[in-house]
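> Got a predicted structure here, sequence first:
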Amino acid sequence: MAKVTDTQVELVRELITAIPPGKVSTYGDLAEQADLSSPRIVGWILRTDGADLPWHRVIAASGRPAVHKASRQLELLRAEGVPIVDGRVLLARCRL
């Protein structure tokens with residue numbers, strides 16, 4: 001993985017915190033905004049420093065939730081009014 005600075009970590013944290021209820025952003029969108037080389041870095045930041053963040057609002061570009069947290073993520077998103085069909089978030093209607 002590419003070297004990630006504390007500044008980039010803090011920027012990703014700020015971007016995730018700024019996602020309002022009922023909206024989602026993709027790992028790729030966040031990586032681009034934070035000038036990171038890969039969306040996987042956003043996932044790494046969430047895994048290592050994201051327990052206090054609205055992690056459920058970050059979704060894969062396919063609209064599919066994280067496999068290991070799919071039920072919980074979809075439950076939280078539904079509660080916020082995010083449109084979901086067949087286990088997939090309708091990104092066109094709720095993506096920032």
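That came through fine. Numbers count the residues shown, from 1 in each chain.
> Which residue ranges of this protein form strands?
25-26, 58-59, 84-85, 88-89 (DSSP state E).
> Just name the most buried of these.
When the strands of the chain are scored by mean count of other Cβ atoms under 10 Å, the highest mean neighbour count falls to strand 58-59 (a mean of 25). Heads up, the C-betas are built off the backbone N, CA and C, glycines and all.
> who does it pair up with?
Applying DSSP bridges, strand 58-59 is found paired with strand 25-26 (parallel).
> circling back: can you tell which of the strands of the chain is closest to residue 4?
Within those, the stretch nearest residue 4 is strand 58-59; the backing value is 16.2 Å (Cβ to Cβ).
> just how off-centre is that closest one within its chain?
When C-alpha coordinates are averaged (Cα atoms, centre = their mean, to the nearest Å), strand 58-59 and its chain have centres 3 Å apart.
> Contacts for it next, please.
16, 19, 24-27, 30, 42, 46, 65, 73, 89, 91 (Cβ atoms under 8 Å, 6 or more residues apart in numbering).
> Of those residues, which belong to helices?
16, 27, 30, 42, 46, 73, 91 (DSSP state H).
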